[in-house]
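Peer 1: Sequence first, predicted model second:
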Amino acid sequence: MSTEAAPVRLSVDAEEQRRLAAERRDRIGRWALPIVILAAALLLWDRICVWNEIPHYILPRPGLVLSTLYSDAGLLLPALLVTLRITFLSLLLAVLGGVGLAVLFSQSRLVEMSLYPFAIVLQVTPIVAIFPLINIYVDNQTAKLLLCAWIVAFFPILSNTTLGLTSVDRNLIDYFRLNGATRWQTLRLLKLPSAMPYFLGGLRIAGGLSLIGAVVAEFVAGSAGQASGLASRIIEAGYRLNAPRLFAALLLISFTGILIFLVLSVVSHLILRRWHESAVRRER
Amino acid sequence: MPVQSGPLFILRDIGKTFASGTVALKDVDLTVREGDFLSLLGPSGCGKSTALRIIAGLIEPSSGVVDWRGAPLACGDIGFVFQEPTLMPWASVFDNVYLPLRLRGVSRSAARDEVAQVLARVHLTGFEDAMPRELSGGMKMRVSIARGLVTRPRVLLMDEPFAALDEITRFKLNNDLLELWGHGDLTVVFVTHSVFESVFLSNRIAVMAAGPGRIFAEIDIETSQPRDEAFRTSPDYAELCRKVSGALGRAMGREGSEREVANVD
């Protein structure tokens, strides 16, 4: 590239200029627009409360929600920790169970044919409908919630990882066979790395689902004293018509969900960035 | 040109019938000598890839045997290069080439010299840490060849390795492959559907016919010229291509062969 030879008259034609301008617009708009919309919505919300003189136990002003989040932190944060504990434990179990079952399926067609339909049945049955049964058979509160959240979260990991483990390049499988690879070597050096992008896709879905599972499970299980999570706080606040706390708890849950998604996306990007198309920056 | 020596392996009465009823190969007899560069040339569907996979032991023949002259195959005795580079995208060039050694339990540090040597032979020194997606199609194929050579195999099997490359890259890789073979310690069985490529590379060509797949003719490619770019435009090369083309034409259809016979008459 001889940019020094013609530094001044490096003319960009009109179409390219339009394209560059559009790119610049996109880059800024992607961040600025949602922020502007959010700010406008909050302002509108606040104004509606003021103009219509809505009492705060029906619809609190945004400012009140934020100050409640601060003033009730002593109550909400421990509850958040309880919910987070269930979320992460169930996600961990979902990863172990999902990947473990997927590996088992990939090792034996017979096991896959025998068990996969039941995994689907478990997935399509609404968890709220199964929960009364779990409530009867499981005593321990934590175990109840874990089981519930696990059922919701494990399936995307199982189905994605199974798909990944069976989508290995046939020629590479032949190549491993040709070189006398053991089953374990083929799994560790070929199948698991091949399945990694699929697994990480499933993990991102499962992260959100395990939070949903943890909250839903607590909703149907009811509160249990000091071990109660955010869902119990929401129900409680609902009974007391404490709308500001309701909103504050809701805010915490959504932020937690967003955070889980972002963290898992970053993890996924870091693992895949050197080789997988999804994580590689496109070069023009 | 490498000195001819004894047979490395012999295909005896190889036949392969798939469960669908397709007869992929029938009565294939073929001797591959040590130091041969043998091309299996034929139209698609003539079973040349099946034959290669039978030699590799990836497919069991329905009948017949691959006779390795009393020296049974061990791991790493066969190098295989596929039509696609078939590299592990998550692994660096080094790790891809190291793979067959790793599968045999060779440690990373012990393999370092061997891998460096073979990468130098395919002109990829300095690319150890590159990822496959950062390489061009031709370079990926070189990595694939290096991986095939790193175990010092008794035979290198190549299944239309350059078919997906552009012509300029293919010519370059043809030359490099001949350079590798020219050291004299390498036996190559090369599957192709290109008459020109097979004539340029081989010292022997087995022309195959389809339906059922069989060996139609074996042609020795003898020339006094060195196989370089000048050879591609020499009368010798043109003459050999004409001869092999004729055989391929006859292999591809009774009609064609009758016409040719009529022409000769």
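Peer 2: Yep, that arrived. Because the structure is predicted, anything quoted here is derived from the model rather than measured.
Peer 1: For the closest residue to chain A within the stretch 101-250 of chain B, give me its contacts.
Peer 2: The minimum distance from the stretch 101-250 of chain B to chain A, using Cβ to the nearest Cβ, falls at B:L103 (4.5 Å). Quick note: C-beta positions are derived from backbone N, CA and C, even for glycine. For B:L103, the contacting residues are A:F176, A:N179, A:G180, A:A181, A:Q185, A:L189, B:C75, by Cβ atoms under 8 Å, 6 or more residues apart in numbering or on different chains.
Peer 1: Could you single out the nearest of those to B:G126?
Peer 2: The closest of the contacts of B:L103 to B:G126 turns out to be A:L189 (Cβ to Cβ; 24.9 Å).
Peer 1: The closest one touches B:Y98, doesn't it?
Peer 2: No. Using Cβ atoms under 8 Å, A:L189 is not in contact with B:Y98; the gap is 10.7 Å.
Peer 1: Quick one: the strands in the stretch 1-150 of chain A, in order.
Peer 2: Applying DSSP state E, counting those that start in this stretch to the stretch 1-150 of chain A gives no strands.
Peer 1: how about the residues of it near chain B?
Peer 2: By Cβ under 8 Å from any Cβ of the partner chain, no residue of the stretch 1-150 of chain A approaches chain B.
Peer 1: how about low-confidence regions in the stretch 1-150 of chain A?
Peer 2: Within the stretch 1-150 of chain A, the ranges that satisfy pLDDT under 70 run A:1-10.
Peer 1: How about chain B: which residue is closest to chain A?
Peer 2: For chain B, Cβ to the nearest Cβ, closest residue to chain A: B:C75, 3.8 Å.
Peer 1: Next, count neighbours for that residue.
Peer 2: B:C75 has 14 neighbouring residues, counting by other Cβ atoms under 10 Å in any protein chain shown.
Peer 1: pretty sure it belongs to a helix, no?
Peer 2: No. Counting by DSSP: H, G, I helix; E, B strand; the rest coil, B:C75 is not found in a helix; it is coil.
Peer 1: Could you find the closest non-adjacent residue to it?
Peer 2: Nearest residue to B:C75 in three dimensions, chain neighbours excluded: A:G180, at 3.8 Å (Cβ to Cβ, 6 or more residues apart in numbering or on different chains).
Peer 1: Could you check how far A:I271 is from B:L52?
Peer 2: Applying Cβ to Cβ, to the nearest Å, the value for A:I271 to B:L52 is 36 Å.
Peer 1: B:L101 too?
Peer 2: According to Cβ to Cβ, B:L101 and B:L52 sit 23 Å apart.
Peer 1: got it, and A:L80?
Peer 2: When distance is defined by Cβ to Cβ, A:L80 is 62 Å away from B:L52.
Peer 1: just B:L157 next, same as before
Peer 2: 5 Å.
Peer 1: So between these two, which is more surrounded?
Peer 2: B:L157 (25 against 20).
Peer 1: show me what contacts that one?
Peer 2: Counting by Cβ under 8 Å, 6+ apart, B:L157 makes contact with B:L52, B:I55, B:A56, B:I78, B:G79, B:F80, B:V81, B:V188, B:V189.
Peer 1: try 6 Å
Peer 2: B:L157 makes contacts with B:L52, B:A56, B:F80, B:V189, as judged by Cβ atoms under 6 Å, 6 or more residues apart in numbering or on different chains.
Peer 1: Reduced to three states, what does the last one come out as?
Peer 2: The assignment at B:V189 comes out as strand when based on three-state DSSP.
Peer 1: For it, name its beta-bridge partners.
Peer 2: Here B:V189 sits in beta bridges with B:L38, B:L157, as judged by DSSP bridges.
Peer 1: Tell me, how many residues neighbour it?
Peer 2: When counting by other Cβ under 10 Å, one arrives at 27 neighbours for B:V189.
Peer 1: Isn't it up against B:L38?
Peer 2: Yes. With contact defined as Cβ atoms under 6 Å, B:V189 counts as touching B:L38 (5.2 Å).
Peer 1: residues contacting the residue most central in space within chain A?
Peer 2: Nearest to the geometric centre of chain A sits A:G208, at 3.0 Å (Cα atoms, centre = their mean). Contacts for A:G208 (Cβ under 6 Å, 6+ apart) come out as A:G257, A:F261.
Peer 1: What distance do you get for it to chain B?
Peer 2: As judged by Cβ to the nearest Cβ, to the nearest Å, A:G208 and chain B stand 26 Å apart.
Peer 1: Read off the pLDDT value for that residue.
Peer 2: At A:G208, the model reports a pLDDT of 93.
Peer 1: Next: the one 5 residues further on.
Peer 2: Confidence per residue is given as pLDDT, and for A:G213 that number is 91.
Peer 1: where does it sit relative to chain B, distance-wise?
Peer 2: Distance from A:G213 to chain B, counting by Cβ to the nearest Cβ: 31 Å.
Peer 1: go on, A:T186?
Peer 2: 9 Å.
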